[in-house]
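Engineer: Sequence and predicted structure, then a few things I'm wondering about:
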Amino acid sequence: MLDNSLSDEATRQFQICNSCRYCEGYCDVFPQLFSLPEMSAAQATHLANLCHNCRGCYYACQYAPPHEFDLNLPAVLAELRQDTWERHALPQALARVFHAHGVAVAAALIAGFALLFFAMAALRPEAGEGFYAYLSHNAMVLIFAPAFVLPLLGLALSLRSYWREIGGGWVTLADLTRMGGSVARMKNLSGGAGQGCNFEKGSRYSNARRHAHQATLWGFLMCFAATSVATLMHYGLGWEAPYPFWSPPKLLGVPGGILLCLGTGALAWLKLRADPELGAARVWGGEMAFVLLLFTVSATGLALYAATGTAAVPALLAIHLGAVFAFFVLTPYTKMVHGFYRMAALMRRR
Amino acid sequence: MSQYDVVVIGGGNAALCAAIEAAEAGADVVILESAPEHMRGGNSRHTRNFRCMHQGPLSVLTDTYDEAEYYEDLLRVTKGQTDPELARLAIRESETCLPWMERHGVIFQGSLSGTLSLDRTNAFFLGGGKALVNAYYACAEDLGVTIRYNAEVRHIDLSEGRFSAAVLADGTRVEGRAVVLASGGFQADLDWLTRAWGPEAANFLIRGTPYNRGVVLRDVLDQGAVSVGDPTQCHCVAIDGRAPKFDGGIVTRLDCVPYALVVNRDGARFYDEGEDVWPKRYAIWGRLVARQPDQIAYAITDQKAQGLFMPPVFAPVKADTIEGVAQLLGLSGDSLRQTVAEYNAACRDGTFTPGVLDGLATDGLDPPKTNWARPLDTPPYYGYMLRPGVTFTYLGLKVTERAQVQGAHGLLPNVWAAGEIMAGSILGQGYLAGFGMTIGTVFGRIAGQEAAAYVG
Ligand SMILES: Cc1cc2nc3c(=O)[nH]c(=O)nc-3n(C[C@H](O)[C@H](O)[C@H](O)COP(=O)(O)OP(=O)(O)OC[C@H]3O[C@@H](n4cnc5c(N)ncnc54)[C@H](O)[C@@H]3O)c2cc1C
Ligand code: SF4
Ligand code: SF4
């Protein structure tokens, strides 16, 4: 069910913005808002997913609370976004639990550890090199292929339903390029003029969150690429792990892991300093847990690499793979979905 | 009790510019702002742009806007009621202000959608005036300026013919070697406004901060400072009648009048709605509405006018008949129907062109509607409410070109003033969009420099 009270509240605030327009230059939300002949719940949902929560429009707003107009666009749009993600998730119940509750994310992480320790104990291979000495390649595929594919499938269905709701049509190359350019530069966290957003420093601008986010994004993509390349090398070239440092998986994975570690660490630190009331306050714990989960994935990955050849490897391997497992499985039910919805919103034709 | 080099009274644009200049010159500065932190910045936080002279493209400004043209624009709105020396100084200095503002954290954006006509003359602040004020506060903090919120100044001690201290509401004395008065006009003091204008003013809405009550202005005038500007006048525009009493700001504007029929409480028309385009008439309409019974007016449009003006923040009432609209607005259905019928009968054929003076006038109607006169005949009909909204008052302190305040017996040696509190010398009448911030920036900077040099 679409939460009408949220889209009504967003519409009320949008109407005030439409008469004011002072924030036009901050982000993509305002120009799109001002060009709309009429606001609808679907348009509000779209604009909410376009908003990057830079908070510029809150600190600049002469109508922010306690003014009776009570403008807090970043918060209402965050709530509306959150509602979109939970409403379109399959099943919704899981999304409601994991989005909001850090404890649930932690429990999933522990379950991941347990699963991997158990698998390694139960399926210990006779022979094998590197990590495969502890868990065979086939066992890994057996565990991770479904943990990767099923959530992505679910997410794809959710996105399709969102895309229909906001009336997104065919996507052209131009839409894709525009989206790509915007994501690559995190344009909507630039404050419009490169001064950055208003996150950890209140009414002062800062690029810290933009940089931390980009480190996280690029780090994640490099780690993902490392795994993909390794899979191709395994099946395509018959070149099996362990790979030496001067090989594509390691050259992507090590710097990627470091970036991801630094990026998520910084994001968590910044989040502690920002005002929770300018976001979806009720899911603060779930968001924080998600950032820390990504941090755990990258930090344990790096630790595992550093421990190569030591007795710590089997335990670290179980922990790292357990974290990766939890991360994959939770993808459709955590903050991870924001990236997909955001890309969809950026791609939608204006 | 505390002691500073320069005490700055107020926390809006003029005050901040003065504080920053003085602090950069090495002075130990305190800002006394009567508002709490979340309301800091006075009327400056409601602004969107400042008017800037430029000899070629400058930052977001296109083309050229030279001194002569700027000055002519000013003379047109003030009908000559301006101090030419001060006005030309403000205009000339505005050009150096823009880069100064950028250096101190103000970010500009291209002119807002719907305001293309200003993209040559006015530089818009990204995020509006509150973002500008935020940037200046951050800058002042970084320069070590002491900032005190909730610090309403009740009295300026000029007892020896010179400034010695500002006295706060709780009796605290903040001593200093020089003072910059930048506490705005008196428009938020409704008692003063009614004494000056008449009892009608009790029904006026105040577009900006409730903190500009003219306490400091009154106090120094009472101590013999020389005044300028008409003490009875305020800049009064027609705004949405449902706006809050204070602080409604820019969004309470209502642009429908040229495409509407406007009546008073008794359902009678009282002025030509189509005399000119709205940006040139909204100030006149403030006064017109102020003279109507209960200081209220109602604008009626039909379906045809929808989309011709910016949608207002407060949704209009809507009905399928004129009587229906009258009822929703609390007007007599009979008189409104009759007024509309007379008006409709006076409309003639012709081409309607919104946005430009199309000459489509009524025939034999008094008062006439001289442009955009189309009959009200396509339901649904819409009803809007108009009230006078006060932007600022004209009474101010007389200052020199160095922003120094004129006392009863000559210049006060260590007292400067900037912004609205002295703008009356330049804007004796009328208003030029974006000029308030120009005056505040130019004279705020001068006042800060002079005060710092004095204590130097
Ligand atoms: C809705 C609106 C929109 C406007 N838009 C524009 C625009 O786009 N461009 C433009 O140029 N002009 C605009 N103006 C006019 C502009 O706001 C003023 O000209 C300008 O802000 C004046 O600056 P100032 O620093 O003198 O006064 P203010 O910014 O009003 O600051 C006065 C300060 O003094 C403080 N104060 C008052 N009394 C005391 C006291 N006793 N003790 C301590 N502190 C006190 C107040 O709290 C406030 O901080 C607009 C005005 C309004 C109302
Ligand atoms: S957030 Fe506030 S300042 Fe920004 S456009 Fe909306 S109403 Fe105006
Ligand atoms: S929070 Fe930032 S991105 Fe979101 S609407 Fe406001 S200015 Fe735009």
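Structural biologist: Good, I have the coordinates. Ligands and ions are numbered 1, 2, ... in the order given.

Engineer: By proximity to chain B, which residue of the stretch 151-300 of chain A wins?
Structural biologist: Scanning the stretch 151-300 of chain A for the residue nearest chain B gives A:Ser203, at 4.2 Å (criterion: CB to the nearest CB). In this view, the C-beta of every residue, glycine as well, is placed from N, C-alpha and C.

Engineer: Can you verify my assumption that A:Phe14 contacts A:Met39?
Structural biologist: Yes - applying CB atoms under 8 Å, one finds A:Phe14 in contact with A:Met39, separated by 5.7 Å.

Engineer: what pLDDT does the residue in the stretch 351-456 of chain B positioned nearest to ligand 3 get?
Structural biologist: Nearest residue of the stretch 351-456 of chain B to ligand 3: B:Met437, at 22.7 Å (CB to the nearest ligand atom). Confidence at B:Met437, expressed as pLDDT, is 98.

Engineer: residues touching residue 152, list them.
Structural biologist: Went with chain A since none was named. A:Thr331 (CB atoms under 8 Å, 6 or more residues apart in numbering or on different chains).

Engineer: Actually, chain B is the one I wanted.
Structural biologist: Neighbouring residues of B:Glu152 by CB under 8 Å, 6+ apart: B:Ser34, B:Leu168, B:Ala169, B:Tyr211, B:Val215.

Engineer: mind listing which of these are in strands?
Structural biologist: B:Leu168 (DSSP state E).

Engineer: Is the helix or strand in which the residue of the stretch 351-456 of chain B closest to ligand 3 is found positioned near ligand 1?
Structural biologist: Using DSSP states H and E, B:Met437 falls within helix B:435-455. Yes - applying CB under 6 Å from any ligand atom, one finds helix B:435-455 in contact with ligand 1 at B:Phe435, B:Gly436, B:Met437, B:Gly440.

Engineer: where does chain A come near chain B, residue by residue?
Structural biologist: Within chain A, the positions adjacent to chain B are A:15-16, A:18-26, A:31, A:34, A:56-57, A:59-64, A:66-69, A:191-193, A:195, A:203-204 by CB under 8 Å from any CB of the partner chain.

Engineer: and the residues you listed, which are buried?
Structural biologist: Buried positions within those, assessed by neighbour count (16 or more other CB atoms under 10 Å in any protein chain shown), are A:15-16, A:18-26, A:56-57, A:59-64, A:67, A:69, A:191-192, A:195, A:203-204.

Engineer: related to what we said a few turns ago, can you name the two of the contacts of B:Glu152 that sit furthest apart?
Structural biologist: The span of those, defined through CB to CB, is set by B:Leu168 and B:Tyr211 at 13.9 Å.

Engineer: Domains in the chain, by residue range?
Structural biologist: With no chain named, the answer covers chain A. As given by automatic domain parsing, the domain ranges for chain A are A:4-86, A:91-347.

Engineer: if you could check chain B rather than the one you did, that'd help
Structural biologist: Using automatic domain parsing, chain B is parsed into the domains B:2-230+B:394-455, B:238-389.

Engineer: for those domains, which one sits closest to A:Thr308?
Structural biologist: Smallest distance to A:Thr308 across these (CB to CB): 48.2 Å, for domain B:2-230+B:394-455.

Engineer: Can you pull the residues of chain B lying near chain A?
Structural biologist: Residues of chain B found near chain A (CB under 8 Å from any CB) are B:38, B:45-46, B:48, B:107, B:109-110, B:112-114, B:125-131, B:134, B:137-138, B:244, B:247, B:249-251, B:253, B:310-313.

Engineer: filter the residues you listed to the buried ones?
Structural biologist: By 16+ other CB under 10 Å, those give B:45-46, B:48, B:107, B:109-110, B:112, B:125-131, B:134, B:137-138, B:247, B:249-251, B:253, B:310-313 as buried.

Engineer: Return the subset of those lying in strands.
Structural biologist: Assigned to strands by DSSP E, the following of those qualify: B:Gln109, B:Phe125.

Engineer: Just give the number of residues close to residue 153.
Structural biologist: Here I'm looking at chain A. Neighbours of A:Leu153 under the rule other CB atoms under 10 Å in any protein chain shown: 12.

Engineer: you looked at the wrong chain, it should be chain B
Structural biologist: B:Val153 sits with 24 neighbouring residues when counted by other CB under 10 Å.

Engineer: Grab the nearest non-local neighbour of A:Trp163.
Structural biologist: Take A:Trp163 and drop its neighbours on the chain: the residue closest to it by CB to CB, 6 or more residues apart in numbering or on different chains is A:Ala344, 6.0 Å away.

Engineer: Now do the same for the residue in the stretch 101-250 of chain A that ligand 3 sits nearest to: its pLDDT.
Structural biologist: Among the residues of the stretch 101-250 of chain A, A:Asn188 lies closest to ligand 3, at 5.2 Å counting by CB to the nearest ligand atom. Listed pLDDT for A:Asn188 reads 94.
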